[in-house]
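J.: What follows is a predicted protein model with its sequence.
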Amino acid sequence: MFVPRVIFVNRVYRPSLAATAQLLTDLAEGLIPRLRDWDVHVIAAGTGPEQCNGVSVHRTGGDELHTGLLSQARNYGQFLLRARQQTALLARPGDVVVMMTDPPMLGAAVTGIAKERGAGVVHWIQDIYPEIVSAHVGAIAGLPLAPLRWKRDHSWRAARRCVALGEGMAEVVTAHGVSADKLVIAPNWAPRELDAPAPEAAVAARRVAWGCADKFIVAYSGNLGRVHEFAAVLDAADELRGREDIVFLFIGRGPRFDEVRAAAQTRGLANIRFLPPETRENLAAALAAPDAHLVTLKPAFARLVYPSKLAGVLAAGRPVLFVGPPDGEIARLLAREQCGAAFAPSDGSGLASTVRQWQADATRRTQLGRAARSAYERHFTFGSALAHWEDILRRAATS
C-alpha cells in the first residue's frame, strides 16, 4: 500500500538550537500522531540519528558552524547540492516536499527536482531572500540579485502552497505573482514548553540566578541578528543609567552580539548585562522572569521577516516593548491586543519613559501581561499551528 510522505528540507534540525531547527523539530514530531496515514521525513545537514521520535532524518553531512563569509557560502552551496540529491532519491508522486529558507534560495534549488519526481511543493517562508540582502547592503552595482529573484519567484509560482508568517510577508509574496489560492498565512508558534505558565518558584529562582531578584528587568531574549534594531535600546539604557532598580538583560548570541556589547561598554552602561542563551528546559522560567521584553526589527526588514520571539514573549505573559516601524504589523498587533507599546528606532526617550511607567505601576504590568497571554492563546499556540499545518499539507497533496 502506498504511504505518502511529507519531506521537510532545511539545513538545520535537532539537535541544533537554531530557531528554524527548533520550529521544524516541533512541527515534524507534532505531525506524527496527526498524519497517521503519512510518513514524516526531514532532509538536513550534519550527522545524527536516522530515526528520532518517529521522524526519518536524512543527513547530508557538513555542519552549521562557519567562521566567515566564504566558509558560510561553501557550507550553503554544499547543502543545496546534497539536498537536491536527497530529494531526488526520496520524492515520489503523491508526496509533499516542504522547503524552509535556510539556506537562502533553498526553494529555488529544490523545487524543480521535487516537481520532476511528481511531488507537490510547499514553501515555508521564514525570510524573504534576496530582498534581505538588498536591505542589508543597499543597491550595489553588479550584485546579481535580479536573476536570483527571478528564480525565487519562479519556484514560488510553481508551488502548490506558499506559507507566509504574517500579513507583510504575504503582501510581498503576492506582489511577486503568487495567486491568492496558493497563499497561506500561518504564524510560527511559541515553543511547546510555554504551553503552561512557568511555576512561580522557578521564575523567582531565575531572577536570583541572574542577580536581579530586586530589580525591574527589561530583557531581550534570543538571536541578536542583523535585522534587529538596538539603537533605541542603548539610548533608553543610557537615559536610565541612574536607576539602579532597572536593568537591561541581553540573553542570547548572534551576529550583532559583540557589536552591541562593545557599544554598551563604550558608553559605560553598567545597567546592561549580557547572558548566554537559555536551554529549552529553562525557557519558560527564563521568559517569565523579566518584567517586560524587547522585540526589535529594523524598518527595512518589516515585510521580509517576522520576529519569532514575539510568540514566546506573549506565551510567557509579559508585556512587549517593540522597537521598529511604529505603524507596522507588530505595532498594530500590540495595539489591537493591548499587550505592549511600540517605538520608532530613534525614540529611545519614549522607550525609557514607558519603562519608568511600567516599573512604577504593577497593576498596569499585570493587565498587559494577561493581555499578552490571551493574545498567545488566540494566535500562537502549537496546537492551532498543528491543525493549520495538517490542513495545508492535505490540501497540497490533492491540489
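T.: Done, it's in.

J.: quick one: secondary structure of residue 233?
T.: When classified by DSSP: H, G, I helix; E, B strand; the rest coil, residue 233 comes out as helix.

J.: who's in contact with it?
T.: 220, 248, 294, 296, 323, 348, 351 (Cβ atoms under 8 Å, 6 or more residues apart in numbering). (Glycine included, C-beta is placed from N, CA and C.)

J.: Sketch out the low-pLDDT regions of the stretch 251-399 of the chain for me.
T.: By pLDDT under 70, the stretch 251-399 of the chain has no low-scoring segment.

J.: where along it do the strands fall?
T.: Secondary structure of the stretch 251-399 of the chain by DSSP state E, counting those that start in this stretch: the strands cover 272-275, 292-296, 320-323, 340-343.

J.: Out of these, which one sits most buried?
T.: Ranked by mean neighbour count, the strands of the stretch 251-399 of the chain are led by strand 320-323 with a mean of 27 (mean count of other Cβ atoms under 10 Å).

J.: Would you mind listing the outside residues contacting that strand?
T.: 218, 229-230, 232-233, 292-297, 310, 313-314, 330-331, 334, 339-345, 347, 351, 354-355, 372.

J.: And stretch 129-138, by the same measure?
T.: Contacts for stretch 129-138 (Cβ under 8 Å, 6+ apart): 101, 104-105, 143, 145, 148-149, 152, 172, 226-227, 298, 300-301, 304-305.

J.: list the buried ones in that stretch?
T.: When neighbours are counted by 16 or more other Cβ atoms under 10 Å, the buried residues of stretch 129-138 are found to be 129, 130, 131, 132, 134, 135.

J.: same check, this time on stretch 238-253
T.: Neighbour counts over stretch 238-253 (16+ other Cβ under 10 Å) mark 238, 239, 240, 241, 243, 246, 247, 248, 249, 250, 251, 252 as buried.

J.: can I get these in a markdown table with secondary structure?
T.: Formatted as a markdown table, the buried residues of stretch 238-253 follow (three-state DSSP):
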| residue | secondary structure |
| --- | --- |
| 238 | helix |
| 239 | helix |
| 240 | coil |
| 241 | coil |
| 243 | coil |
| 246 | strand |
| 247 | strand |
| 248 | strand |
| 249 | strand |
| 250 | strand |
| 251 | strand |
| 252 | coil |
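
J.: excluding its backbone neighbours, what's nearest the residue nearest the centre of the chain?
T.: Central residue of the chain (Cα atoms, centre = their mean): residue 308, 3.4 Å from the mean position. If the residues on either side of it in the chain are set aside, residue 308 comes closest to residue 188, at 4.9 Å by Cβ to Cβ, 6 or more residues apart in numbering.

J.: That neighbour in helix, strand or coil?
T.: coil.

J.: How many residues are close by it?
T.: Neighbours of residue 188 under the rule other Cβ atoms under 10 Å: 25.

J.: Domains in the chain, by residue range?
T.: In terms of domains, the chain is parsed into 5-189+381-398, 192-378 (source: automatic domain parsing).

J.: Show me which positions of the helix or strand in which residue 157 is found end up buried.
T.: Applying DSSP states H and E as the criterion places residue 157 in helix 145-158. Residues 145, 148, 149, 151, 152, 153, 155, 156, 158 are the ones in helix 145-158 that count as buried (16+ other Cβ under 10 Å).

J.: could you give the mean pLDDT of it?
T.: Per-residue pLDDT over helix 145-158 has a mean of 94.

J.: Can you tell me which helices and strands the following helix or strand past it packs against?
T.: Going down the chain from helix 145-158, the next helix or strand is strand 161-164, by DSSP H and E. Packing contacts for strand 161-164, counted by 3 or more Cβ pairs under 8 Å, 6 or more residues apart in numbering; DSSP states H and E, involve strand 120-124, helix 167-175, strand 183-185, helix 382-398.

J.: Next, report how far the shortest one is displaced from the centre of its chain.
T.: So that's strand 183-185. Distance of strand 183-185 from the chain centroid (Cα atoms, centre = their mean, to the nearest Å) equals 17 Å.

J.: Show me what that strand is packed up against.
T.: Counting by 3+ Cβ pairs under 8 Å, 6+ apart, the packing neighbours recorded for strand 183-185 are strand 161-164, helix 167-175.

J.: Point out the most buried one among the ones you listed.
T.: Sort the helices and strands packed on strand 183-185 by mean neighbour count, taking mean count of other Cβ under 10 Å, and strand 161-164 sits at the top with a mean of 24.

J.: Who does that one pair with, and is each partner parallel or antiparallel?
T.: Strand 161-164 has the following strand partners under DSSP bridges: strand 120-124 (parallel), strand 183-185 (parallel).

J.: pLDDT averaged over that strand, what's the number?
T.: For strand 161-164, mean pLDDT is 98.

J.: what residues does that strand touch?
T.: 122-125, 156, 170, 172-173, 178, 182-186, 392, 395-396, 399.

J.: Need the buried ones from these selected in PyMOL.
T.: Buried members of the contacts of strand 161-164, identified by 16+ other Cβ under 10 Å, are gathered into one PyMOL selection as follows:
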select buried, resi 122+123+124+125+156+170+173+178+182+183+184+186+392+396
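
J.: ok, now how distant is the closest residue to residue 183 other than its chain neighbours from residue 178?
T.: Leaving aside its sequence neighbours, residue 183 sits nearest to residue 162 (Cβ to Cβ, 6+ apart; 5.4 Å). For residue 162, the distance to residue 178 (Cβ to Cβ, to the nearest Å) stands at 5 Å.

J.: which residues do the two both contact?
T.: Among the neighbours of residue 162, those also in contact with residue 178 (Cβ under 8 Å, 6+ apart) are residue 156.

J.: who are the neighbours in contact with residue 331?
T.: So residue 331 contacts 322, 324, 325, 342 (Cβ under 8 Å, 6+ apart).

J.: where in the stretch 1-150 of the chain is pLDDT low?
T.: The model of the stretch 1-150 of the chain has pLDDT under 70 over residues 63-69, 136-143.

J.: Pretty sure residue 302 sits against residue 329.
T.: Yes - counting by Cβ atoms under 8 Å, residue 302 sits close enough to residue 329 to count as a contact (7.1 Å).
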